[in-house]
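> kindly generate the corresponding structure for this input.
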Amino acid sequence: MAPVCEGRRGTAFLYFVMDRDGQVLDFSIKQTSGYKLLDREVKEMIERAQPLPGFPDDMAGARLALVVPVDFSLR
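Next up is the predicted model:
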């Protein structure tokens, strides 16, 4: 029997806001990969990654908001 995710492909766009110390303050999926299972993995990924690297000293601002693509191509 083939694994549940085999052959699935998609890109989810993850929006997140982080503070200077690398703590994620908010996150959401801005565009789905097309699969609930893959989208759930994106959310779990950002939770596991905390804390993220903090800002360099010469970077201004207290928070940073980003949208990053997370690409899946499962075999």
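> let me know whether residue 34 touches residue 10 as I believe.
Yes. Shown here, residue 34 and residue 10 form a contact pair, counting by Cβ atoms under 8 Å, at 4.6 Å. All C-beta spots, glycine's among them, are computed from the backbone N, C-alpha and C.
> these two: which is more packed in?
residue 10 (16 against 13; other Cβ atoms under 10 Å).
> identify the residues contacting stretch 55-66?
Residues outside stretch 55-66 that contact it (Cβ atoms under 8 Å, 6 or more residues apart in numbering) are 15, 16, 17, 18, 19, 20, 22, 25.
> ok, 7 Å please
For stretch 55-66, the external contacting residues (Cβ atoms under 7 Å, 6 or more residues apart in numbering) are 16, 17, 18, 19, 20, 25.
> mind putting those residues in a markdown table, secondary structure, distance to residue 67 and pLDDT included?
What follows is the contacts of stretch 55-66, written out as a markdown table (DSSP: H, G, I helix; E, B strand; the rest coil; distance: Cβ to Cβ, whole Å; pLDDT from 0 to 100):
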| residue | secondary structure | distance to residue 67 | pLDDT |
| --- | --- | --- | --- |
| 16 | strand | 8 | 98 |
| 17 | strand | 11 | 98 |
| 18 | strand | 13 | 98 |
| 19 | strand | 17 | 98 |
| 20 | coil | 19 | 97 |
| 25 | strand | 15 | 98 |
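> taking those residues together, which two end up most distant?
16 and 20 (14.3 Å; Cβ to Cβ).
> with neighbour numbers in mind, choose between the two.
Per other Cβ under 10 Å, whichever of residue 16 and residue 20 has more neighbours is residue 16, with 18 against 15.
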